[in-house]
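Engineer: fold the following for me, if possible:
(2 chains)
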Amino acid sequence: MLIRNSRHNNPANIRSPEITPREVFESRRALLKACGFALLSVSTFSQKTAFAAMEGSGRTGKSIAAYRKTSYGAGEKLTSYEDVTTYNNFYEFGTDKPDPAIHSTLFKPRPWSISIEGEVKKTKTINIEDLMRLAPLEERIYRHRCVEAWSMVVPWIGLPLAALVKWAEPTGNAKFIEFISANDPLTMPGVRMPILDWPYTEGLRMDEAMHPLTLLAVGLYGEILPNQNGAPVRLVTPWKYGFKGAKSIVKIRFVERMPITTWAKTNPREYGFYANVNPNVDHPRWTQSSEKRIGAGLFAGRVKTQMFNGYAEQVAQLYAGMDLKKHF
Amino acid sequence: MVKQWILYSKIAIWIMAFLPLLRLVWLGIHDDLGANPVEFVERYTGTWALVFLLGSLTMTPVRLFTGQAWPIQLRRLLGLWMFAYVCLHVTTYIWLDYGFYWPDIVKDIVKHPYVVVGFSAFVLTIPLAATSNQVMMRRLKGRWKKLHQLVYVIAILAILHFWWLVKKDVTEPFYYAAVLVFLLGIRLHFKYFKCSQSHSASLKNQAV
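Structural biologist: This is a model prediction of the structure:
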């Protein structure tokens, strides 16, 4: 016997709690896609086909309407968009280089707001849209040197951190700035594991933060930041090792004492607060006198690492008189 | 019958050893080695060397459990394939990674603990590979076994090499370490537990 349930046959009769909310529906699809990719990546013979199947490897498709070009990095050969967006250290999404591109599909970089706390006139928050209007956006091509002895050249889009600092109105007690990254176990699978002491925390000295090279990046290659690169906003300090660049920033705290940063806390012998690129100070794990350029190919060899990653002229005076072997 | 199975197993090992190489060449030809191809080849050859090392260390436990001699006849082939992958690994490091630039290579080997242990493991594999043939086995007699016990040192150094290379997430080296501990544990179990059992049994027999 066939029982017809008229209530369920008529769409107009579906009670609203039975309707899957749009976000849940979409996040399920993204989850399924991520799972499918995970399966594919272990079974496939070729790496590229696996990446082609992955949604995250395509462009974000959301270009930034207005930004001006600058002369920073003129003449540098850019690292390809594919390499910049699939070879990432972003442990919140996993510890392998392709992990962030694969596992960040559920992450939602909008709506987004950053809270400004600590030694400021008054605690406040700013959303990502307002932040992007604090100063004219500009494209800057920066060399990016990882402590693991590889490097890239990335066309970032962003604004000087100094613009945000001015807007935040820090008090005279503010000597350092602490950057705290997002820490959402639902959308960031890496933070479910005790790999690092979450949330990821980074910091700068006030004069480093105010330096014109210091950028709050909101995009790359003309588009808004992909999730795996630290969407919606990340720090870029090109004369320091890449791990200084806090990603997906949710909180900025002005403090009087030097903050304890994540990697320095994890392994103080290997990672310091300053983390300036320095070919003369070796790391217990990696030679720092030379580096591999990503995308240069199998037979390209290494290039010499430059003091302060080649930005010595602009930043060396920040560290005048300091023993850089001690303050590594 | 057993001989035939040994032959089939050997063919299987050859195929298993060639497939990863084939894949590597395939990826290389199609420019598909990823953003950091040198690191990829280093990781790849190193991982396969470790797999064959653990494979060769599996043969003795299999013999102990089955009481058959044939696993030992596969051991050399697995060990030599480990050596082949180790050689590719070291060649990648010296050539593709450091471009034969010896000052940096020496500095890297001397200064960084994970390279020190890795390089030591490589050096120790050379005498084992060199004395793996029948002639050397016969010539060295009792000393051969002693010499080839170096494989335990090599295995521990190889795991340390992997463990210390990793920045924070040691999940992957942990799996390999667990397999090694398991394989060594079986040996200890047979050596001390089973042996003492048979030993007391023989004592009882004497008493009777």
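
Engineer: for the rest of this, base every contact and every neighbour count on C-alpha atoms.
Structural biologist: OK.

Engineer: and the residue in the stretch 51-200 of chain A positioned nearest to chain B, how many neighbours?
Structural biologist: Minimum separation of the stretch 51-200 of chain A from chain B (C-alpha to the nearest C-alpha) falls at A:D83, amounting to 5.4 Å. Counted with other C-alpha atoms under 10 Å in any protein chain shown, the neighbours of A:D83 add up to 17.

Engineer: show me the contacts for B:G185.
Structural biologist: Contacts for B:G185 (C-alpha atoms under 8 Å, 6 or more residues apart in numbering or on different chains) come out as none.

Engineer: just to be sure, it is in a helix?
Structural biologist: Yes. Under DSSP: H, G, I helix; E, B strand; the rest coil, B:G185 falls within a helix.

Engineer: state the distance from it to B:F193.
Structural biologist: Taken as C-alpha to C-alpha, to the nearest Å, the spacing of B:G185 relative to B:F193 amounts to 11 Å.

Engineer: now A:V147: which helix or strand?
Structural biologist: A:V147 is located outside every helix and strand, with elements delineated by DSSP states H and E.

Engineer: and the residue nearest to B:V170 when sequence neighbours are not counted, helix, strand or coil?
Structural biologist: Nearest in space to B:V170, with sequence neighbours left out and distances taken as C-alpha to C-alpha, 6 or more residues apart in numbering or on different chains, is B:W163 at 6.4 Å. For B:W163, the secondary structure call by three-state DSSP comes out as helix.

Engineer: one more: A:D184?
Structural biologist: Under three-state DSSP, A:D184 falls in the coil class.

Engineer: ok, and the closest non-adjacent residue to it?
Structural biologist: Counting by C-alpha to C-alpha, 6+ apart, A:D184 lies nearest to A:V191, which is 7.1 Å off, once chain neighbours are set aside.

Engineer: cool, B:K168 as well?
Structural biologist: Using C-alpha to C-alpha, 6+ apart and skipping the chain neighbours, the partner closest in space to B:K168 is A:I195 (6.6 Å).

Engineer: residues contacting the residue nearest to B:V170?
Structural biologist: Neighbours of B:W163 in contact, by C-alpha under 8 Å, 6+ apart: B:114, B:170, B:173-174.

Engineer: mind checking which of these are in helices?
Structural biologist: Within these, residues falling in helices by DSSP state H are B:114, B:173-174.

Engineer: ok, now how distant is the residue nearest to A:I64 when sequence neighbours are not counted from B:G55?
Structural biologist: Taking C-alpha to C-alpha, 6+ apart, and ignoring the residues beside it in sequence, A:I64 has A:E223 as its nearest neighbour in space, at 5.1 Å. Relative to B:G55, A:E223 is positioned 49 Å away (C-alpha to C-alpha).

Engineer: picking up where we left off before, need the pLDDT of the residue of the stretch 51-200 of chain A closest to chain B.
Structural biologist: A:D83 is assigned 96 on the pLDDT scale.

Engineer: secondary structure element for it?
Structural biologist: When the helices and strands are read off by DSSP H and E, the one containing A:D83 is helix A:81-86.

Engineer: quick check: buried residues in that helix?
Structural biologist: Neighbour-count burial for helix A:81-86 flags A:83-86 (criterion: 16 or more other C-alpha atoms under 10 Å in any protein chain shown).

Engineer: how about stretch B:129-144?
Structural biologist: B:129, B:131-132, B:144.

Engineer: before we move on, what about stretch A:277-294?
Structural biologist: A:277-279, A:282-283, A:285-294.

Engineer: poorly predicted segments of chain A, please.
Structural biologist: Low-confidence segments of chain A, defined by pLDDT under 70, are located at A:1-58.

Engineer: now the helices for it?
Structural biologist: Taking DSSP H, the helices of chain A run over residues A:6-9, A:22-43, A:47-52, A:81-86, A:99-103, A:128-131, A:161-168, A:206-210, A:262-266, A:312-315.

Engineer: also chain B?
Structural biologist: With DSSP H as the criterion, chain B has helices at B:2-29, B:37-66, B:70-91, B:102-111, B:113-130, B:134-140, B:142-148, B:150-165, B:171-188, B:195-207.

Engineer: what's the angle from the longest one to helix B:70-91?
Structural biologist: This points to helix B:37-66. Taking axes from the mean of the first three to the mean of the last three C-alpha atoms, to 10 degrees, one finds helix B:37-66 and helix B:70-91 inclined to each other by 170 degrees.

Engineer: same for helix B:37-66, what does it pack against?
Structural biologist: If contacts are counted by 3 or more C-alpha pairs under 8 Å, 6 or more residues apart in numbering or on different chains; DSSP states H and E, helix B:37-66 sits against helix B:70-91, helix B:150-165, helix B:171-188.

Engineer: mind exporting the last one as PDB, just the C-alpha atoms?
Structural biologist: These are the backbone C-alpha positions of helix B:171-188, laid out as PDB (Å, rounded to 0.1, in the frame of the first residue of the first chain):
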ATOM      1  CA  THR B 171      53.100  12.400  13.100                       C
ATOM      2  CA  GLU B 172      54.800  10.900  10.000                       C
ATOM      3  CA  PRO B 173      58.100  10.000  11.500                       C
ATOM      4  CA  PHE B 174      56.200   8.600  14.500                       C
ATOM      5  CA  TYR B 175      54.600   6.000  12.300                       C
ATOM      6  CA  TYR B 176      57.900   4.900  10.900                       C
ATOM      7  CA  ALA B 177      59.400   4.800  14.400                       C
ATOM      8  CA  ALA B 178      56.500   2.800  15.700                       C
ATOM      9  CA  VAL B 179      57.100   0.200  12.900                       C
ATOM     10  CA  LEU B 180      60.800   0.000  13.800                       C
ATOM     11  CA  VAL B 181      60.100  -0.400  17.500                       C
ATOM     12  CA  PHE B 182      57.600  -3.200  16.700                       C
ATOM     13  CA  LEU B 183      60.100  -5.000  14.400                       C
ATOM     14  CA  LEU B 184      62.900  -4.700  17.000                       C
ATOM     15  CA  GLY B 185      60.500  -5.700  19.800                       C
ATOM     16  CA  ILE B 186      59.700  -9.000  18.000                       C
ATOM     17  CA  ARG B 187      63.400  -9.800  17.900                       C
ATOM     18  CA  LEU B 188      63.900  -9.000  21.600                       C
END
